[in-house]
Every structure is written in C-alpha cells, then in structure tokens.
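for reference, the sequence and a predicted model appear below.
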Amino acid sequence: QVQLVESGGGLVHTGGSLRLSCAASGRTFSSYVMGWFRQAPGKEREFVAAISESGTRTDYTDSVQGRFTISRDNAKNTVYLQMSSLKPEDTAIYYCAATSAWGQRRSGGYAYWGQGTQVTVSS
C-alpha cells in the first residue's frame, strides 16, 4: 500500500504558476504509475496528467498540455505538478493517485488517493 499527501495548493491570479507536491509513504513508490486528477465544483473528477514508474513517460489531458509538467523524484518518494499560465478554469481540488498500470485515465483505475489540495485561480 501507499499513502499520499498533497501540498502546494493556493490562490493565484490568472497567468500565474503553482507547484503541487505529493509525498508518498512506503518503499514501493517507484513501482507505481502516478497521476494527478482534479475536480471542480459540480463536475466529475477528471484526469490531468500521469507519469510512468521511472519517469520516462508522461501523459497529459489536452487542456493542460504545454502548461503543466508532471515529474517525480523516486529518491524522495514525491511526484510534482508544475502548473503555469493558470486559467480560472483550472480552479479545482487537485488529487494525486497511484496505479499499477500505465495508460489509466479513469479515476477508477487508480487504487490509492491523497486527500486533495485546493487550487483557485482568480480572474
């Protein structure tokens, strides 16, 4: 099992940047594909980005491609989401999650979840 704790959320103006972190417990972090999801009020949780176990592969939803960067440091058991050129529509609770299979974009495909961190982008 792995436990996940997100941090780094906050309030930022349109065009600003934030870096989210997700710290994982356990010695098997490097064996998991890690993903970021987000959920805005009244909307379903949606896939944002994923990174493979070694960090060599990444996947992004179209709306964040070129603005967000996912990365990981397996020595620190941490996955990051660098967010730039933020827009009001990026406002949501952001969750990190872990799965054993690459290519998962559905939330149901992830077994472990953090508690989420709020990101608010003001216009």
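Done, it's in.

could you use CA atoms for every contact and neighbour count after this?
Fine.

now do the buried residues in stretch 58-78.
Using 16 or more other C-alpha atoms under 10 Å as the test for burial, stretch 58-78 gives T58, D59, Y60, V64, F68, T69, I70, S71, R72, N74, N77, T78.

who's in contact with the fourth one?
Neighbour list for V64: V48 [criterion: C-alpha atoms under 8 Å, 6 or more residues apart in numbering].

if I look at it, how far off is S17?
Note on V64: its distance to S17, by C-alpha to C-alpha, to the nearest Å, is 13 Å.

likewise S123?
Distance of S123 to S17, given as C-alpha to C-alpha: 14 Å.

those two - which one has more neighbours?
S17 (17 against 11; other C-alpha atoms under 10 Å).

assess the claim that the more buried one and S84 are in contact.
Yes. Look at S17 against S84 with C-alpha atoms under 8 Å: they come within range, at 4.3 Å.

tell me where this structure is predicted with low confidence.
Of all residues in the chain, none has pLDDT under 70.

quick one: the strands in this protein, in order.
With strands called from DSSP state E, the chain shows them at 4-7, 10-13, 18-24, 33-39, 46-51, 58-60, 68-73, 78-83, 92-99, 112-113, 117-122.

make a markdown table from the ones you listed and add distance to R105 to it.
Shown next, in a markdown table, are the strands of the chain (distance: least, C-alpha to C-alpha, whole Å):
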| stretch | distance to R105 |
| --- | --- |
| strand 4-7 | 18 |
| strand 10-13 | 25 |
| strand 18-24 | 18 |
| strand 33-39 | 8 |
| strand 46-51 | 6 |
| strand 58-60 | 9 |
| strand 68-73 | 15 |
| strand 78-83 | 16 |
| strand 92-99 | 10 |
| strand 112-113 | 14 |
| strand 117-122 | 20 |
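
if we ignore the residues flanking it in sequence, what's nearest A23?
T78 (4.5 Å; C-alpha to C-alpha, 6 or more residues apart in numbering).

run through the residues that contact the one you found.
S21, C22, A23, A24, R72.

got TSV for those, with distance to W102 too?
Below are these laid out as TSV (distance: C-alpha to C-alpha, whole Å):
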residue	distance to W102
S21	20
C22	19
A23	20
A24	18
R72	15
